[in-house]
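Engineer: I'd like to go over a predicted model; first the sequence, then the structure.
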Amino acid sequence: MSHIVASRHIQTLTGKYRHSMSTRLSVTKKCIFCGKEYTAKTLTTRYCSHTCNSKHYKQLKREEKLNTYKESFEKKNPEPSVITLAVQQKDFLSIDETASLLGASRRTIQRMIAKNIIRVAKLGARSIIKRSTIDNLFI
């Protein structure tokens with residue numbers, strides 16, 4: 001049923017008037033994004049404008065994305081001091097341990113092995129590197 005709005009009354013297509021359900025509620029509130037005071041027409045309004053609503057939504061999404069990234073980064077990269085302490089006490093290191101100790105990639109260590117910069121001993125399928133070899137690289 002179509003309606004034609006006329007001030008406080010609504011006229012239906014049949015010509016009858018009925019009273020609208022609008023209220024004259026006005027509440028002074030403070031915008032949760034910008035802090036500016038505004039007059040709200042409903043009790044659930046939280047922002048002074050659509051712009052503040054959009055900006056706050058974007059800010060929340062940006063923070064959520066950043067927190068997700070930080071959590072995933074912390075899971076992938078445990079605290080370096082714990083790794084370094086365990087590696088420093090060993091006499092023989094794997095390629096991965098050597099890479100973490102030097103701050104290089106696994107592929108870089110493999111290239112250094114191929115160029116005979118680092119000597120490797122094989123233990124079955126596993127390659128082990130003497131700790132003293134790593135220490136002598138920088139002397």
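Structural biologist: Nice, I can see it.
Engineer: From now on I want contacts and neighbour counts done on CA atoms only, so please keep to that.
Structural biologist: Noted.
Engineer: Low-confidence regions, this protein specifically.
Structural biologist: Along the chain, segments meeting pLDDT under 70 span 1-23, 77-85.
Engineer: cutoff 90 now
Structural biologist: The model of the chain has pLDDT under 90 over residues 1-26, 41-43, 70-91, 97-103, 122-125, 131-139.
Engineer: number of nearby residues for Thr28?
Structural biologist: Counted with other Cα atoms under 10 Å, the neighbours of Thr28 add up to 11.
Engineer: Quick one: distance of the helix or strand where it lies to the chain centre.
Structural biologist: Here Thr28 is covered by strand 27-30, with elements defined by DSSP states H and E. Relative to its parent chain, strand 27-30 has a centroid offset of 33 Å by Cα atoms, centre = their mean, to the nearest Å.
Engineer: and the very next helix or strand once past it, what does it pack onto?
Structural biologist: As assigned by DSSP H and E, the chain's next helix or strand after strand 27-30 is strand 37-40. Using 3 or more Cα pairs under 8 Å, 6 or more residues apart in numbering; DSSP states H and E, the elements in contact with strand 37-40 are strand 27-30.
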